[in-house]
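In: Can you look at this prediction? I've put the sequence above it.
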Amino acid sequence: MQIKTSKPEVIWKANTLLGEGTLWVPSQSSIFFVDIKKKKILIFNLKTNNKKIIKLDKEIGFLSHVKKNIFILGLKSELRVINLKTKKTLNSFKIEKDKPFNRLNDGKTDPAGRLWFGSMDNLERNIQNGSLYCLDKKLKLTKVDKKYIITNGPAFINEKNFYHTDSRKKNIYKIKVNSKLKLIEKKIFLKFNKKIGSPDGMTLDVKNNLWVCHYGGACITVYNSKGKKIHKIDMPAKNITNCTFGGVNNSELFITSAIKGLKTSDIKKYPLSGSLFKIKTNCKGKIFRPFKF
């Protein structure tokens, strides 16, 4: 089947400094995303077109759904379980107390309902201070991998195989773990060259094709399981940061972007930078499981 996609449509000119963390919550017909640097959660309801912004006290890299209004937030040095409606914190775990300059970046749940997320140096120095973690349903935290500069992804083929990225190194890795979350295999699946930007957030469709956002590259590219590029979507924003399937039949792609680091000439060329986009596709995305306690 040949992939077909519509022209990107702006559904929210959100002006995100660093838009990230797309999350489709079917029970709320809403796409959730974050602005890391402005410490905000943004919620767009597809049925009503209602927009909502929740302000936080810390930078936020991602959020994951548990049930109803309960979410896990990946914040600077903290995982926080919160009721987004009442703003009540139900639980909190400090992460990397020994690395005060780190923050959490990208996070997703796997088919078993475990939460995977990465950390990185918040000052974006060229140091390998980032790690990859997994939180299981018993709330046990495991450090699965380390020595990342900027962690991004992850995208899950199944419970033991997934893709994960180091954006600064321009590498997308294919990783295999065993049932005890021990790393069995890690190899470079794709390496980006300078001309096409850096690999950022990514997601998988049901055929296990990998949809990758290009930070600085103004596009999304799609690769089959052998690493062959099979589709490209040109985007009207330069820094494309994160994407997820959702909407009608889980066949619409929602995409965040960032204004951060853009020159005046970039903003003139890409005035829609910082927007939330939607693309219709003839593919279906993999269903994300909520986090399981």
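Out: Yep, that arrived. Remember, predicted model here, so these are calculated numbers, not experimental data.

In: What segments of the stretch 1-150 of the chain are strands?
Out: Using DSSP state E, counting those that start in this stretch, the strands assigned to the stretch 1-150 of the chain run over residues 9-12, 19-25, 30-35, 40-45, 51-55, 60-67, 70-75, 78-83, 88-94, 102-109, 115-121, 130-135, 141-148.

In: Ok, which of these comes nearest Gly274?
Out: Gly274 lies closest to strand 19-25 among those, at 6.5 Å (C-beta to C-beta). Where you see a C-beta, it was placed from the backbone N, CA and C, and this is true even at glycine.

In: Can I get the strands of the stretch 1-150 of the chain in TSV including mean pLDDT and distance to Ile220?
Out: Formatted as TSV, those follow (pLDDT from 0 to 100; distance: least, C-beta to C-beta, whole Å):
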stretch	mean pLDDT	distance to Ile220
strand 9-12	98	14
strand 19-25	98	12
strand 30-35	98	15
strand 40-45	98	19
strand 51-55	98	23
strand 60-67	98	19
strand 70-75	98	23
strand 78-83	97	28
strand 88-94	96	33
strand 102-109	97	16
strand 115-121	98	20
strand 130-135	98	23
strand 141-148	98	22
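
In: Kindly reformat the ones you listed as CSV containing distance to Lys226 and mean neighbour count.
Out: Compiled in CSV, these are given as follows (distance: least, C-beta to C-beta, whole Å; neighbours: other C-beta atoms under 10 Å):
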stretch, distance to Lys226, mean neighbour count
strand 9-12, 31, 16
strand 19-25, 26, 26
strand 30-35, 31, 25
strand 40-45, 35, 19
strand 51-55, 40, 13
strand 60-67, 29, 22
strand 70-75, 32, 24
strand 78-83, 35, 19
strand 88-94, 38, 11
strand 102-109, 23, 25
strand 115-121, 24, 25
strand 130-135, 24, 22
strand 141-148, 23, 16
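
In: Is it possible to get JSON lines of these that adds distance to Gly274?
Out: Shown next, in JSON lines, are the strands of the stretch 1-150 of the chain (distance: least, C-beta to C-beta, whole Å):
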{"stretch": "strand 9-12", "distance to Gly274": "10"}
{"stretch": "strand 19-25", "distance to Gly274": "7"}
{"stretch": "strand 30-35", "distance to Gly274": "9"}
{"stretch": "strand 40-45", "distance to Gly274": "11"}
{"stretch": "strand 51-55", "distance to Gly274": "14"}
{"stretch": "strand 60-67", "distance to Gly274": "16"}
{"stretch": "strand 70-75", "distance to Gly274": "21"}
{"stretch": "strand 78-83", "distance to Gly274": "25"}
{"stretch": "strand 88-94", "distance to Gly274": "29"}
{"stretch": "strand 102-109", "distance to Gly274": "18"}
{"stretch": "strand 115-121", "distance to Gly274": "21"}
{"stretch": "strand 130-135", "distance to Gly274": "25"}
{"stretch": "strand 141-148", "distance to Gly274": "26"}
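
In: Can you say which of the ones you listed is nearest to Phe245?
Out: Comparison of those against Phe245 by C-beta to C-beta identifies strand 19-25 as nearest, at 6.8 Å.
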